[in-house]
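Trainee: Below is the structure, and that's it, no one-letter string:
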């Protein structure tokens with residue numbers, strides 16, 4: 001349950017995601033090492049495009065994005081001042097036709113929500129399993145859901161299933177809820193749990209992608 005301020009912040013983040021998706025924004029997330037290497041190139045220290053802002057996590061001038069997008073970042077609480085420039089503390093990455101919000105690079109905060117090449121491998125593993133599985137999924141659990149990759153893929157593939165997304169990180173739960181809303185998925189429940197401590201019920205599919 002969110003208080004009104006947090007609910008307002010998450011709605012602003014959702015609206016920003018809708019705007020980016022409608023504008024055709026796409027970004028394939030790379031490894032942290034590749035991210036650092038690309039951003040260290042000459043001329044890459046300052047954002048010139050929306051992909052620079054929301055994919056490559058570069059500082060940007062306020063005039064680069066629209067006033068309402070800047071306001072959505074501010075209301076969502078994901079806007080940091082960098083001298084005369086600004087920086088988004090979230091990134092938006094593509095997974096199939098979906099757009100997912102997660103933490104900006106570098107992911108050095110204690111509550112960072114990760115997404116990257118491992119997430120794409122995790123997604124492929126789930127999709128392969130769902131294609132070869134003889135029985136339909138009825139009840140599924142995404143343990144340590146992060147940005148919600150597992151829960152989203154299962155919920156979209158099995159729209160009549162009940163899918164639970166749990167994490168100990170409140171920010172992960174927020175981002176999963178925003179990503180589910182942006183994807184138009186309504187059969188996911190999001191709740192806090194330290195591993196299985198607060199999980200009840202029986203599941204015919206459990207997935208997890210721990211942060212190795």
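Mentor: Nice, thanks for sending it over. All of these numbers come straight from a predicted model, not from anything done at the bench.
Trainee: Every contact and neighbour count from this point should use C-alpha atoms.
Mentor: Fine.
Trainee: Report the central residue of the protein.
Mentor: residue 101 (3.1 Å; Cα atoms, centre = their mean).
Trainee: in a strand, that's where that residue is, yeah?
Mentor: Yes - using DSSP: H, G, I helix; E, B strand; the rest coil, the assignment for residue 101 is a strand.
Trainee: List the residues that contact it.
Mentor: 17, 90, 91, 92, 93, 147, 175, 178, 179 (Cα atoms under 8 Å, 6 or more residues apart in numbering).
Trainee: Now do the phi/psi pair for the residue lying farthest from the centre of the chain.
Mentor: For the chain, the C-alpha farthest from the mean C-alpha position belongs to residue 134; by Cα atoms, centre = their mean, that distance is 29.9 Å. Main-chain dihedrals, residue 134, degrees, to the nearest 10: phi -80, psi -30.
Trainee: Residue 201 falls within a helix, correct?
Mentor: No - under three-state DSSP, residue 201 sits outside any helix and is assigned coil.
Trainee: Please name the residues that touch residue 153.
Mentor: 123, 126, 127.
Trainee: what's the spacing between the residue nearest to the centre of the chain and residue 41?
Mentor: 25 Å (Cα to Cα, to the nearest Å).
Trainee: what do you get for residue 135?
Mentor: 50 Å.
Trainee: which stretches of the chain form helices?
Mentor: Here the chain has its helices, by DSSP state H, at 4-22, 32-39, 50-54, 67-76, 117-132, 149-157, 170-183.
Trainee: TSV please, covering the ones you listed and showing mean pLDDT and distance to residue 192.
Mentor: Listed next are the helices of the chain as TSV, based on pLDDT from 0 to 100; distance: least, Cα to Cα, whole Å:
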stretch	mean pLDDT	distance to residue 192
helix 4-22	93	16
helix 32-39	95	28
helix 50-54	97	27
helix 67-76	95	21
helix 117-132	96	21
helix 149-157	97	14
helix 170-183	96	7
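Trainee: Which one, of the ones you listed, ends up nearest to residue 82?
Mentor: Smallest distance to residue 82 across the helices of the chain (Cα to Cα): 12.9 Å, for helix 50-54.
Trainee: The nearest residue in space to residue 26 that is not next to it in sequence: neighbouring residues, count only.
Mentor: For residue 26, ignoring the flanking residues on the chain, the nearest one in space by Cα to Cα, 6 or more residues apart in numbering is residue 94 at 5.6 Å. Neighbour count of residue 94, defined by other Cα atoms under 10 Å: 17.
Trainee: so what's residue 94 scoring on pLDDT?
Mentor: pLDDT, residue 94: 98.
Trainee: can I see the domain layout of the protein?
Mentor: Domain assignment for the chain by automatic domain parsing gives 4-103, 117-208.
Trainee: and of those, who's closest to residue 110?
Mentor: Once these are compared by Cα to Cα, domain 117-208 is nearest, at 9.5 Å.
Trainee: Please compute how far the closest one lies from its chain's middle.
Mentor: 13 Å (Cα atoms, centre = their mean, to the nearest Å).
Trainee: What is the end-to-end distance of that domain?
Mentor: 15 Å.
Trainee: next one: stretch 37-56
Mentor: 11 Å.
Trainee: picking that back up, so what's the residue nearest to the centre of the chain bridging to?
Mentor: residue 92 (DSSP bridges).
Trainee: ok, residue 52 - contacts?
Mentor: By Cα under 8 Å, 6+ apart, the neighbours of residue 52 are 46, 58.
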